[in-house]
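Trainee: Just need the structure, nothing else, for what follows:
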Amino acid sequence: MSDSIRFDGRILFLTEDPARILRQFAGEDLEPSETGPLRDQISTDEITPAFICYHFDEKLGDFPYLGLKCGGTFPVKEGAVRAGGFAVSVAGKRRGKGSSREASPFAELCAGIRLVIAESFERIYRQNAQNLGLLTSTDFGLIPRIRRGEAISLAEFTAGLDPVTAEIVRRGGLFAYNAARLTGEVVPPLPAHAPRPMTYAEKLLARHTVVEATAGEVGLPVVKPGDGLFVMADWRFSHEYVTPMAASFLEKALGPEAVLRDPEHILAFRDHLTFLHHSMKAEHRTMGLLTVAERLKPAQEGFCSKHGIRLHGELPDGAGSEGICHAIMAERYACPGQVVVGTDSHTPHAGALGCLAFGVGTTDIACAWVTGDVRVTVPPTLRVRLNGRLRFGVSAKDLVLSLLAQPLIREGGALGHVIEYQGEGLLDLDTDERATLTNMAAEIGGFTGLIAPDQETVRFVKDRRGVDLVLEPWMCGDEGATYSHTLEVDCAALGPMLARPGDPGNGLALADLDEAVPIDIAYLGSCTGGKREDLRRAFEVAAAAVLEGRRVPEGVQFFVQCGSEDVRRYAEAQGWISAFEAVGAVVLGSSCGACINAGPGVSTHPDQVTISAINRNFPGRSGPGQMWLASPATVTASALAGRIVGA
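Mentor: Predicted coordinates for the structure are as follows:
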């Protein structure tokens with residue numbers, strides 16, 4: 001990449017006013033003073049809705065912002081961005097929140113966008129953009145300079161970045177950087193710090209830092225926030241939305257004979273789209289998207305077969321999958337003290353076991369297949385101290401929805417942080433419940449969620465795997481470690497929570513719901529709603545209804561979908577599944593399903609209302625209807641009442 005860049009194209013302002021967006025597509029160039037408020041918190045679901053991600057090539061350039069909701073409408077149509085000749089895209093706070101899909105910045109790049117400007121960015125989105133060579137900036141002063149045709153120094157896009165990230169940007173992306181690294185042309189600088197107390201996350205990163213790539217030497221005594229590192233991963237995984245695109249990127253960069261490092265510690269999952277054929281809209285079928293989506297399965301299978309990668313795939317009868325990647329990683333693989341990376345923003349799920357688990361993008365995983373490592377800028381840590389004990393009936397989902405409504409979180413104060421949970425309140429939460437807290441670090445905007453391992457971790461691993469864990473003394477934060485913030489939570493003051501439609505941060509105490517909200521669909525499932533403990537709490541509500549002879553009322557659909565087949569078999573043995581069926585629930589095979597808008601449980605009309613145990617409710621995430629988030633117990637009680645109620 002040259003030392004300076006001219007952006008020969010127009011500037012697209014993503015505003016809250018759909019009319020202003022349409023004016024730009026009609027050829028008008030807006031001045032910053034006349035854009036009105038810019039859209040904040042644009043999710044990757046809005047940049048590239050899930051159904052667009054069935055494509056994994058340059059065709060994605062026809063679709064950026066197709067799901068962007070402005071003023072209650074969706075003003076961006078297929079091909080509009082590419083046809084408009086835009087080179088720069090501008091938005092407000094927390095651009096790129098939600099899913100880790102690299103399809104989003106890749107779609108922007110393929111449409112002609114070369115620079116994205118925002119007040120703030122979500123970590124994975126910005127890292128994906130850097131990996132692809134798509135420039136990012138929070139400097140709105142660039143806009144008039146670009147309009148004047150001024151060449152912008154590349155140094156303005158690397159200022160403030162750690163040396164590794166800055167060099168990736170200078171070289172135009174991660175593949176180019178890693179090619180130079182593996183030949184010795186580039187040697188990442190290693191930090192050298194005086195001894196300091198470290199958080200648990202910092203210890204994990206220090207122990208996994210790559211010191212010498214070719215020799216496989218790892219481990220530094222000290223790291224601190226802001227250090228740019230490559231860290232060796234104990235586990236690397238991808239699912240079928242990402243594996244084919246990553247394989248394509250890998251082959252284009254390194255050729256078809258690229259050799260993967262340590263393939264026995266690479267995993268693949270087909271968990272997102274196993275029920276797609278049950279729920280794809282006629283409109284999308286007419287577009288040929290089912291055929292496009294069906295290419296993903298053989299592409300993933302072929303890649304795994306070629307390289308000897310274990311694939312947790314579809315069940316032989318086609319009635320589901322072995323399970324959701326996050327559920328299986330926690331149940332079978334992740335261990336305290338490890339680093340786990342996966343191509344999904346909810347990879348932090350496994351942080352409940354005391355490992356550092358975080359989401360990465362397509363380019364990251366493709367490179368990691370070959371190098372075994374991923375690049376990390378050491379993040380600051382936000383400490384969440386759970387004081388006191390939770391009241392009976394209050395779950396981890398209630399706790400995290402309460403956190404998401406905190407002003408610090410809503411305003412992006414936790415962006416890119418490790419969210420470390422501590423305190424007495426953890427005593428009320430088993431590992432399944434703790435996984436809800438760490439999983440939804442993605443909604444908080446964090447790098448990951450983390451809980452230092454304890455005797456509950458030992459119990460969980462013994463129970464699920466028959467393995468006796470021995471915890472090591474270093475597996476905790478040091479006394480005097482530095483935290484960027486501490487959020488104090490009075491657990492005893494919390495009650496059941498909801499999140500209003502549109503965003504998981506739209507928190508509302510169930511007790512403060514002052515309107516009757518009839519529902520059409522209740523969905524109990526996903527990685528945060530389909531674990532053993534989730535089903536147990538929901539079963540307690542269903543079992544009481546069975547004794548009273550109550551069933552789901554006519555006109556309401558209630559779906560139950562386990563996070564894995566291991567969970568489903570356990571639930572069957574406990575009698576939970578029969579209780580759900582007795583009250584009128586439809587029990588589905590294990591899969592992500594409705595959570596990714598790809599299975600029974602999605603809404604089909606804008607006026608439908610869903611209450612769901614999934615982790616996010618961005619516009620269009622699970623159909624066009626209005627989705628409320630709640631705990632498994634609240635979802636089940638609401639299914640039986642036909643309206644939103646507590647358990």
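
Trainee: so what does the helix ranked longest in the chain touch, helix or strand wise?
Mentor: When the chain is parsed with DSSP state H, its longest helix is helix 532-548. Packing partners of helix 532-548 (3 or more Cβ pairs under 8 Å, 6 or more residues apart in numbering; DSSP states H and E): helix 431-439, strand 521-524, helix 565-574, helix 576-582, helix 632-641. For the C-beta atoms, the positions are set from N, CA and C on the backbone; glycine is no exception.

Trainee: possible to save those as JSON lines with distance to Pro600 and mean pLDDT?
Mentor: Converted to JSON lines, these look like this (distance: least, Cβ to Cβ, whole Å; pLDDT from 0 to 100):
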{"stretch": "helix 431-439", "distance to Pro600": "22", "mean pLDDT": "98"}
{"stretch": "strand 521-524", "distance to Pro600": "9", "mean pLDDT": "98"}
{"stretch": "helix 565-574", "distance to Pro600": "15", "mean pLDDT": "97"}
{"stretch": "helix 576-582", "distance to Pro600": "14", "mean pLDDT": "98"}
{"stretch": "helix 632-641", "distance to Pro600": "14", "mean pLDDT": "98"}
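
Trainee: Any regions of this structure where pLDDT drops low?
Mentor: Along the chain, the model assigns pLDDT under 70 to residues 1, 214-215.

Trainee: Would you mind splitting it into its domains for me?
Mentor: 4-171, 498-641 (automatic domain parsing).

Trainee: Endpoints of the longest one, how far apart?
Mentor: Taking Cα to Cα, to the nearest Å as the measure, domain 4-171 stretches 13 Å from start to finish.

Trainee: just how off-centre is that domain within its chain?
Mentor: Centre-to-centre, domain 4-171 and its host chain are 19 Å apart (Cα atoms, centre = their mean, to the nearest Å).

Trainee: ok, the nearest residue to Asp262 once chain neighbours are set aside - contacts?
Mentor: Spatially, and ignoring its direct neighbours in sequence, Asp262 is nearest to Gly372 (5.7 Å; Cβ to Cβ, 6 or more residues apart in numbering). Shown in contact with Gly372 (Cβ atoms under 8 Å, 6 or more residues apart in numbering): Gly216, Met232, Ala233, Arg236, Arg261, Asp262.

Trainee: Figure out the helix or strand that His326 lives in.
Mentor: Assigned by DSSP states H and E, His326 belongs to helix 325-328.

Trainee: other SSEs contacting that helix?
Mentor: Applying 3+ Cβ pairs under 8 Å, 6+ apart, one finds that helix 325-328 contacts strand 266-269, helix 565-574.

Trainee: what's the angle from the last one to helix 431-439?
Mentor: Comparing the axes of helix 565-574 and helix 431-439 via axes from the mean of the first three to the mean of the last three Cα atoms, to 10 degrees yields an angle of 140 degrees.

Trainee: Extract the C-alpha set from helix 565-574 and format it as PDB.
Mentor: Extracted in PDB, the C-alpha atoms of helix 565-574 (Å, rounded to 0.1, in the frame of the first residue of the first chain):
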ATOM      1  CA  GLU A 565     -27.500 -33.700  21.400                       C
ATOM      2  CA  ASP A 566     -25.700 -34.400  24.600                       C
ATOM      3  CA  VAL A 567     -28.100 -32.000  26.300                       C
ATOM      4  CA  ARG A 568     -31.100 -33.500  24.500                       C
ATOM      5  CA  ARG A 569     -30.300 -37.000  25.600                       C
ATOM      6  CA  TYR A 570     -29.900 -35.800  29.200                       C
ATOM      7  CA  ALA A 571     -33.200 -33.900  29.100                       C
ATOM      8  CA  GLU A 572     -35.000 -37.000  27.700                       C
ATOM      9  CA  ALA A 573     -33.600 -39.100  30.500                       C
ATOM     10  CA  GLN A 574     -34.700 -36.600  33.100                       C
END
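
Trainee: follow-up on the earlier one: just name the most buried of the domains of the chain.
Mentor: Mean neighbour count, computed with mean count of other Cβ atoms under 10 Å, is highest for domain 498-641 among those, reaching a mean of 22.

Trainee: And it, end to end?
Mentor: 16 Å.

Trainee: now it: how far from the chain's centre is it?
Mentor: The chain centroid and the centroid of domain 498-641 are separated by 20 Å under Cα atoms, centre = their mean.

Trainee: Ok, stretch 240-257 next?
Mentor: Taking Cα atoms, centre = their mean, one finds stretch 240-257 lying 21 Å from the centre of the chain it belongs to.

Trainee: Sort out which residues of that stretch are buried, please.
Mentor: Across stretch 240-257, burial judged by 16 or more other Cβ atoms under 10 Å covers 240-250, 253-254.

Trainee: For it, which outside residues touch it?
Mentor: By Cβ under 8 Å, 6+ apart, the residues outside stretch 240-257 that reach it are 53, 56-57, 101-103, 106, 175, 179, 238, 258, 268-273, 295-297, 299-300, 303-304, 343-344, 362-363, 365-366, 369-370.

Trainee: could you flag which of these are buried?
Mentor: Those of the contacts of stretch 240-257 that meet the buried threshold are 53, 56, 101-103, 106, 175, 238, 268-273, 296-297, 299-300, 303-304, 343-344, 362-363, 365-366, 369-370, by 16+ other Cβ under 10 Å.

Trainee: what about Trp474, distance to Gly361?
Mentor: According to Cβ to Cβ, to the nearest Å, Trp474 stands 30 Å off from Gly361.

Trainee: Among these two, which residue is more densely surrounded?
Mentor: The neighbour count for Trp474 versus Gly361, taken as other Cβ atoms under 10 Å, is higher for Gly361 (30 against 12).

Trainee: dump the residue contacts of the more buried one.
Mentor: Ser100, Arg101, Glu102, Ile124, Gln127, Asn128, Asn131, Thr343.

Trainee: Could you do Glu150 as well?
Mentor: Listed by Cβ under 8 Å, 6+ apart, the contact partners of Glu150 are Arg6.

Trainee: Please report how far it lies from Phe7.
Mentor: 9 Å.

Trainee: same thing with Asp373?
Mentor: Separation of Asp373 from Phe7 (Cβ to Cβ) stands at 33 Å.

Trainee: Identify those among the buried ones among the contacts of stretch 240-257 that sit within helices.
Mentor: Among these, the members found in helices (DSSP H) are 103, 106, 175, 296-297, 299-300, 303-304, 362-363, 365-366, 369-370.

Trainee: now, which of those residues sits nearest Arg383?
Mentor: Lowest distance from Arg383 to these (Cβ to Cβ) belongs to Ile365, with 29.5 Å.

Trainee: ok, back up a step: I would like the residues contacting the longest helix of the chain, please.
Mentor: Around helix 532-548, the neighbours that count as contacts under Cβ under 8 Å, 6+ apart are 395, 430, 432-433, 436, 524, 528, 551, 560, 562-563, 567, 570-571, 574, 576, 579-580, 582-583, 585, 613, 631-633, 635-637, 640, 647.

Trainee: Mind putting the helices and strands packed on helix 325-328 into CSV with distance to Asp512?
Mentor: Listed next are the helices and strands packed on helix 325-328 as CSV, based on distance: least, Cβ to Cβ, whole Å:
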stretch, distance to Asp512
strand 266-269, 39
helix 565-574, 32
